[in-house]
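Enquirer: Sharing a model prediction with you, sequence too.
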Amino acid sequence: MRLVSWRPVRKGSLRGFATVRLAIGLTIRDCPVLVGRNGAWATLPGKPQIDAEGRHKKDVNGKPAYVCILEWDSRALSDRFSNGVVSAVRRRCPGDLEEG
C-alpha cells in the first residue's frame, strides 16, 4: 500500500482523509482516518444516506449516516488495511493523528 495523498481535517474524532493505492492497482480515495480511546484507525469511504426529501439522514445519535459501498471479507483484512493507512499517514505527517 502507498499513501498517494493526505488531507488533514480536524472535526470531532476525524483527523483527515487518505487516498491510498493498493498493490493490485486499486486507488481508494478519501478514506476517513479517525482517533478514539483505542488510538487511530482508518476505514473505507462510504456514501451519505439520503432521505425522501434529498437531505442527509442522521443516525440515532444525530450524526450524519453513511452507507457502506465497499467492504472487506474479514475483520483481519479490515484491520490490516487500517493499520497500513495509519502507519503511512504517521510516516508522512507524524503529528496529524494526535488525539489532542
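Expert: Good, I have the coordinates.

Enquirer: any low-confidence regions in the protein?
Expert: For the chain, the stretches with pLDDT under 70 are 99-100.

Enquirer: Quick test: name the residue nearest the centre of it.
Expert: Geometric centre of the chain, nearest residue: residue 32, 2.0 Å, by C-alpha atoms, centre = their mean.

Enquirer: and that one, bridged to which residues?
Expert: Here residue 32 sits in beta bridges with residue 17, going by DSSP bridges.

Enquirer: Touching, it and residue 45? I think so.
Expert: Yes - the criterion here is C-beta atoms under 8 Å, and residue 32 meets it with residue 45 at 6.8 Å. For glycine as for every other residue, the C-beta is placed from the backbone atoms N, C-alpha and C.

Enquirer: Which residue ranges of this structure form strands?
Expert: Along the chain, counting by DSSP state E, strands occupy 2-11, 14-21, 27-36, 39-42, 46-48, 66-68.

Enquirer: quick one: which of the ones you listed is nearest residue 76?
Expert: Closest approach to residue 76 among those (C-beta to C-beta): strand 39-42, 14.2 Å.

Enquirer: Give me the neighbour count for residue 34.
Expert: 18 (other C-beta atoms under 10 Å).

Enquirer: one step back: distance to residue 98 for the strands of the chain - can I get that in JSON lines?
Expert: Formatted as JSON lines, those follow (distance: least, C-beta to C-beta, whole Å):
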{"stretch": "strand 2-11", "distance to residue 98": "10"}
{"stretch": "strand 14-21", "distance to residue 98": "8"}
{"stretch": "strand 27-36", "distance to residue 98": "8"}
{"stretch": "strand 39-42", "distance to residue 98": "9"}
{"stretch": "strand 46-48", "distance to residue 98": "25"}
{"stretch": "strand 66-68", "distance to residue 98": "25"}
